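Trainee: fold the following for me, if possible:
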Amino acid sequence: MPGHSAHVEHVYTSALQGSAAASSPIVASWQRCMTVHRLAPEEDRTPLRLSSREFELAQQESGPLVAVAVDELDRLFALLGKAGYCVLLTDRSGVALERRGARGDDKDFQSLGLWTGSIWTEASVGTNGIGTALADDRSVTVFRDQHFLSSNIGLCCATATIRDHRGQLAAALDISTCRDDVDEMTLSILSQAVRDAAMRIEVNLFRSAFSGARFIMLPTGANAAAALLAVDRHDLVVGATRAARLALKLDDRRIAAGVAAADALQEGSAAAGEELAEAEKAALMRALSRTNGNISRAAQALGMSRATLHRKLKKLELH
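Mentor: The predicted structure follows:
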């Protein structure tokens, strides 16, 4: 690992090369840190911190996020905590809302600012896993001297972004370590565990936002579990995760206007009469299912006579 002075020189040299920034997201981040945020790699600084009152307000605003994330934070820490990793959950502004870490590592992590209430944006502390993931809106790993500040080149970070029920950037999930025996391959492998945990938090956040809806999972390949539609009792789409929005070309305007799940899924259109017949058939089949095929009880539940139900079943070829 290069010394601090060599790192500072490398950052300046690389950031001044436009071609390097175009081919490297890390160098592009270094350029932002210098030109937009007016930071210098030789600065010795820790992340900005919220006041107690500001942190309390941030926690209140992100209450639903934290509520659905705690189990995943505990699970990720159980997997990595004994290996010297710290787990952080931040809001979309980079504020560390929740933290998991081994007590024996607390002193080192606190001195680096890996603590609740700290602000891990690029503006606060330069290129880092959380800040760069939020700035680029993607999962990232930042390995040692890829950090902008020379004071952070002992850190290794892997971060994944989390989206809310409208598909908007809402949070970041990060693991960080100061261990000197971690290599880039190990960090890359562990980053998959972070992405998986972030996806589960995102799905839980979506499900909690539409707790009374049915959920349809789209067959979109590797991220099928994250591609969900929330559908009301009329089979109208009331929500969609970002993966589903991208797959089906849905947005807030189209969802608010009212779109049938069958139409969104392009399951084929039917004439109005056929749709009514299918709806009636579905209602009759549900009633019979709930009564274990008892015609009299099904007819009573549907508010019709037994003879009327028999005629409908015959008409719809359900006998």
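Trainee: what is the helix ranked longest in the chain packed up against?
Mentor: Scanning the chain for the longest helix, with DSSP state H as the assignment, gives helix 184-209. Packed against helix 184-209 by the contact rule (3 or more C-beta pairs under 8 Å, 6 or more residues apart in numbering; DSSP states H and E) you find helix 63-80, strand 140-143, strand 156-163, strand 169-177, strand 228-231. Heads up, the C-betas are built off the backbone N, CA and C, glycines and all.
Trainee: the first one: which residues count as buried?
Mentor: Within helix 63-80, the residues scored as buried using 16 or more other C-beta atoms under 10 Å are 65-66, 68-69, 72-73, 76-77, 80.
Trainee: which residues touch that helix?
Mentor: For helix 63-80, the surrounding residues in contact (C-beta atoms under 8 Å, 6 or more residues apart in numbering) are 59, 85, 87, 89, 91, 97-98, 100-101, 162, 164, 170-171, 173, 175, 190, 193-194, 197, 200-201, 204-205, 208-209.
Trainee: out of those, which end up buried?
Mentor: Judged by 16+ other C-beta under 10 Å, buried ones among these: 59, 85, 87, 89, 91, 97-98, 100-101, 162, 164, 170-171, 173, 175, 190, 193-194, 197, 200-201, 204-205, 209.
Trainee: tell me the buried residues in the helix or strand where Gln60 lies?
Mentor: Under the criterion of DSSP states H and E, Gln60 resides in helix 52-61. Buried residues in helix 52-61, counted by 16+ other C-beta under 10 Å: 55, 58-59.
Trainee: kindly report the same for stretch 311-319.
Mentor: Judged by neighbour count using 16+ other C-beta under 10 Å, the buried positions of stretch 311-319 are 312-313.
Trainee: could you number the chain from 792 rather than 1 from now on?
Mentor: Got it, first residue is 792 now, which makes that one stretch 1102-1110.
Trainee: neighbouring contacts of it?
Mentor: 1068, 1071-1072, 1075-1076, 1079, 1095, 1101.
Trainee: skip the chain neighbours and tell me the closest residue to Arg954.
Mentor: Arg1033 (4.9 Å; C-beta to C-beta, 6 or more residues apart in numbering).
Trainee: how far off centre is the helix or strand where Arg1102 lies?
Mentor: Assigned by DSSP H and E, Arg1102 belongs to helix 1097-1106. Mean-position distance between helix 1097-1106 and its chain equals 49 Å (C-alpha atoms, centre = their mean, to the nearest Å).
Trainee: CA atoms of it as CSV?
Mentor: These are the backbone C-alpha positions of helix 1097-1106, laid out as CSV (Å, rounded to 0.1, in the frame of the first residue of the first chain):
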residue,chain,number,x,y,z
ARG,A,1097,-79.1,-22.5,-5.9
ALA,A,1098,-80.8,-22.8,-9.3
THR,A,1099,-79.3,-19.5,-10.5
LEU,A,1100,-75.9,-20.7,-9.5
HIS,A,1101,-76.4,-24.0,-11.4
ARG,A,1102,-77.4,-22.0,-14.5
LYS,A,1103,-74.3,-19.9,-14.3
LEU,A,1104,-72.0,-22.8,-13.8
LYS,A,1105,-73.5,-24.5,-16.8
LYS,A,1106,-73.3,-21.4,-18.9
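Trainee: just put the buried residues of helix 854-871 in a markdown table and tack on pLDDT.
Mentor: As requested, those are exported to a markdown table (pLDDT from 0 to 100):
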| residue | pLDDT |
| --- | --- |
| Leu856 | 96 |
| Val857 | 97 |
| Val859 | 96 |
| Ala860 | 97 |
| Glu863 | 97 |
| Leu864 | 97 |
| Leu867 | 97 |
| Phe868 | 96 |
| Leu871 | 93 |
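Trainee: next, give phi and psi for Gly1094.
Mentor: Gly1094 adopts backbone torsions of phi 80, psi 30, taken as degrees, to the nearest 10.
Trainee: ok so, going back, now the helices and strands packed on helix 975-1000 in JSON lines, with distance to Glu833?
Mentor: Below are those laid out as JSON lines (distance: least, C-beta to C-beta, whole Å):
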{"stretch": "helix 854-871", "distance to Glu833": "31"}
{"stretch": "strand 931-934", "distance to Glu833": "18"}
{"stretch": "strand 947-954", "distance to Glu833": "20"}
{"stretch": "strand 960-968", "distance to Glu833": "22"}
{"stretch": "strand 1019-1022", "distance to Glu833": "47"}
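Trainee: so which of the ones you listed is nearest Arg829?
Mentor: strand 931-934 (20.4 Å; C-beta to C-beta).
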